[in-house]
Every structure is written in structure tokens, then in C-alpha cells.
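In: show me the folded form of this:
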Amino acid sequence: MARLVLALLVSAAAASGALAASITNAGEGTVTLTVVEKGTKVNVAIDAGATETMCPAGCFVTLPNGDRIGLVGNETVEIKNGAALIK
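Out: Purely as a prediction, here's the structure:
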């Protein structure tokens, strides 16, 4: 029984991480995004070539070029020259 409970907990943890948006900085310099999730606003810096996972429950992201995008939590986003390509 304990193994079943452990297996369910591991599955739930893996599933929650799989639903987060993946944001990659494909540019040459660090980019700073403004992320608003559940009413909380934070600035997130992503180094060149780095990938961050965020917004498992959805959020709004303001890009360096001023565009604002809504994410539901399952997107793959690539940022280059301040703009985003959502896959």
C-alpha cells in the first residue's frame, strides 16, 4: 500500500511540472521578463541560452519589447531580440 501511495505522489509531482511553460532565451544577452501569476508580479532574468520553467497555473508575461502574452502553462516559448515565438 505504501508503494502505491508513493507512486501516486511521484506521478502527481511529475505531472504538475509537465504543465509549466518552458521559456528559452535564444538571444545573445540576458532578458528580463515581468511575470504576473495569481496577482503576484515578479521580474525574471533569463541568461542567454538558458531555459526557465514557470507559470504552471497560467500567467501573463511582459516581454522586453513591451508585448504582453498570456500563458496557460503548457507552452514552449522562445525569446529572441525581445520578441517571443510560442510553439
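
In: residue ranges for the helices of the chain, please.
Out: 2-18 (DSSP state H).

In: tell me which residue is most central in it.
Out: The chain has Met54 as the residue nearest its centroid, 2.9 Å off, counting by C-alpha atoms, centre = their mean.

In: for it, name its beta-bridge partners.
Out: Taking DSSP bridges as the rule, Met54 bridges to Ala21.

In: what's the spacing between Ala48 and Gly73?
Out: Distance from Ala48 to Gly73, counting by C-beta to C-beta, to the nearest Å: 24 Å. Placement of C-beta: from N, CA and C, glycine included.

In: equivalent analysis for Ile86, please.
Out: Ile86 sits 12 Å away from Gly73, going by C-beta to C-beta.

In: looking at Ala48 and Gly73, which one has more neighbours?
Out: Using other C-beta atoms under 10 Å as the criterion, Ala48 and Gly73 rank with Gly73 on top: 17 against 11.
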